[in-house]
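With the input below, show me the fold.
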Amino acid sequence: MSRMARAAARAGWALLLTLVVASAAQAQEGEGGAKAKSAKGKGKKGKGDVVAEGPKFNADTVKLVFDREVFGYAGAGRRDPFTPLTGKGAAAMGPRFQDLKLTGVIYVPGDGRASVATVEDADGKKYRVRRGDVVGNTRIVDIGARRVVVIVQNFGLERREVLDIQRKAAAEEGTT
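So this is what the prediction gives:
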C-alpha cells in the first residue's frame, strides 16, 4: 500500500468516525431534544441567559476503533536495511570490486577450497582469499589457475564477474 493510499485510508476512517459521532448525537437529540437551562452569573439558576445542554453519549452506541499498521522484515539472506550504501559506512564495508586487482593464485587442482588467491585494492592493501570469502562487496565463487570468479553485490543486485591475473611485463607495456 503506498503512502498516499494509507493517508487516504486514515482520512476515510476519520470521516467515518466523525459521521458516527454526529449520527449518535442526532439520534439522542431526536429522542429527548436539547435541554435548555437558564443560568445567570456563575452556575446560578435564574432568569436571563439560556444555555443548551449538550447531548449525552452512551458508551454502547459509540465505539472508537484504532487501527495499527504492523510491518515485518524477513531478513534471512538479505542485507541490513540500516547499513548505509554510500558514505562513511561504505569504507567500513571494505574495498569495492572496481578497486580490486588479482595479483596471484596458488591453484590446487581438484580441491577448490584449498586454492588461494591474492587480491590488492587501490590503496595497496592485499587480501588472501579462498572460495566463499567476502572482500567488500565481492564474494569469491571459484579460483582457477589464472582467474578468479566472483559475485559482486551492488545495491541489492548481484552480478558475476571474472578477475584475470596479468603478467607484470604485459601490464607495464599496456600502461606506457
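
going forward, measure contacts between C-alpha atoms and count neighbours the same way
Will do.

what about L102, which helix or strand?
Assessed by DSSP states H and E, L102 sits inside strand 101-106.

Dump that strand to PDB, restricted to CA.
C-alpha atoms of strand 101-106 as PDB (Å, rounded to 0.1, in the frame of the first residue of the first chain):
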ATOM      1  CA  LYS A 101      43.200  -6.400  -8.900                       C
ATOM      2  CA  LEU A 102      44.200 -10.100  -8.900                       C
ATOM      3  CA  THR A 103      47.900 -10.300  -8.100                       C
ATOM      4  CA  GLY A 104      48.500 -14.000  -7.500                       C
ATOM      5  CA  VAL A 105      47.000 -17.500  -7.500                       C
ATOM      6  CA  ILE A 106      48.000 -20.800  -5.700                       C
END
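
Report the contact partners of the closest residue to F97 other than its chain neighbours.
Nearest non-adjacent residue to F97, counting by Cα to Cα, 6 or more residues apart in numbering: T138, 6.0 Å away. Neighbouring residues of T138 by Cα atoms under 8 Å, 6 or more residues apart in numbering: 96-97, 150-153.

likewise D133?
139-140.

Distance check, it against V119.
D133 is 12 Å from V119, where distance means Cα to Cα, to the nearest Å.

partner residues bridging V134?
Judged by DSSP bridges, the bridge partners of V134 are R139.

In the helix or strand hosting L19, which residues are buried?
For L19, the host element (DSSP H and E) is helix 3-32. Applying a neighbour-count criterion of 16 or more other Cα atoms under 10 Å, the buried positions in helix 3-32 are 17, 20-21, 24-25.

do the same with stretch 109-120
So for stretch 109-120, counting by 16+ other Cα under 10 Å, buried means 115-120.

and which of those is nearest to R128?
R128 has its nearest neighbour among the buried residues of stretch 109-120 in T118, at 4.5 Å by Cα to Cα.

G124 is in contact with that closest one, correct?
No. If you go by Cα atoms under 8 Å, T118 and G124 don't touch, sitting 11.7 Å apart.

pLDDT-wise, which helix or strand of the chain ranks last?
strand 36-40 (a mean of 45; mean pLDDT, DSSP states H and E).

Return the distance of stretch 104-117 from the chain's centre.
Relative to its chain's centre, stretch 104-117 lies at 39 Å (Cα atoms, centre = their mean, to the nearest Å).
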